[in-house]
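In: Provided below are the primary sequence and the corresponding predicted coordinates.
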Amino acid sequence: MAGYCKIILIGNLGRDPEIRYTADGLAVANFSIAVTERIKGEERTQWYRIIAFRKLAEICGEYLSKGKQVYIEGKLQTSEWTDQEGNKRFSLEVVASEMRMLGRKGDSYDNSRPSSAYETPRPSASYDEPEPSAANTQPSAAQRPDAVNEQPADTPESADSGPEEDDIPF
């Protein structure tokens, strides 16, 4: 049976994501998050390096910033390299497959910005790393937070379809 590796982290960004593009035009985002745990009244913070690819990398670069709370889901990956003194070095990083922006309303992300030609989910994004030749798919209406109420304004159901965003108590 094949093994399975999955990690879920909730923490705060330690710096803005750094976005770069490979020679083939592949977007790559690098950032770190701090995860603080309280054990027996004592706080312990651990830092995790995160790497995201393709559309998820672009979304991270556009919407994440230092200090924001974020949910990251992905897999652990080790990297090996030789430093300037010739020593072999290893590091552990999380390759993100899903990202969700968290936080209170006052810390909210700007969901009112106009979207690009590709409709991206603003509070969350998911990417399962298909083969480079596979096409990215757009999220369904159920996954897009800006598509909560897609009924025409003149229908009776849409007149009282629920609380306004400002009526939500959190």
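Out: It's in.

In: The closest residue to Y21 other than its chain neighbours: neighbour count?
Out: Sequence neighbours aside, A27 is the residue nearest to Y21 in space, at 5.8 Å (criterion: CB to CB, 6 or more residues apart in numbering). Just so you know, the C-beta spots here come from the backbone N, C-alpha and C atoms, and that holds for glycine as well. A27 has 18 neighbours, counted by other CB atoms under 10 Å.

In: pretty sure A27 contacts I51?
Out: No: using CB atoms under 8 Å, A27 makes no contact with I51, being 11.1 Å away.

In: any idea of the pLDDT on the residue nearest to Y21?
Out: We have a pLDDT of 94 for A27.

In: ok, now the one 5 residues further on?
Out: The predicted local distance difference test score for S32 is 94.

In: If it is in a bridge, with which residues?
Out: Counting by DSSP bridges, S32 is bridged to R49.

In: Now do it against I39, distance only.
Out: Distance, S32 to I39, using CB to CB, to the nearest Å: 21 Å.

In: Skipping its backbone neighbours, what lies nearest R15 in space?
Out: K66 (5.3 Å).

In: Let me see the contact set for the one you found.
Out: K66 makes contacts with L13, G14, R15, D16, as judged by CB atoms under 8 Å, 6 or more residues apart in numbering.

In: and these as JSON lines, adding distance to E98, secondary structure and pLDDT?
Out: Below are those laid out as JSON lines (distance: CB to CB, whole Å; DSSP: H, G, I helix; E, B strand; the rest coil; pLDDT from 0 to 100):
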{"residue": "L13", "distance to E98": "16", "secondary structure": "strand", "pLDDT": "94"}
{"residue": "G14", "distance to E98": "20", "secondary structure": "coil", "pLDDT": "92"}
{"residue": "R15", "distance to E98": "21", "secondary structure": "coil", "pLDDT": "92"}
{"residue": "D16", "distance to E98": "20", "secondary structure": "coil", "pLDDT": "94"}
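
In: From these, keep the buried residues only.
Out: Neighbour-count burial (16 or more other CB atoms under 10 Å) applied to the contacts of K66 gives L13.

In: what's the strand or helix carrying V35 packed up against?
Out: Per DSSP states H and E, V35 falls inside strand 27-39. On a contact count with 3 or more CB pairs under 8 Å, 6 or more residues apart in numbering; DSSP states H and E, strand 27-39 meets strand 7-13, strand 18-21, strand 42-53, helix 54-63.

In: and with 10 Å instead?
Out: Contacting strand 27-39 under the criterion 3 or more CB pairs under 10 Å, 6 or more residues apart in numbering; DSSP states H and E are the following elements: strand 7-13, strand 18-21, strand 42-53, helix 54-63, strand 69-82, strand 88-101.
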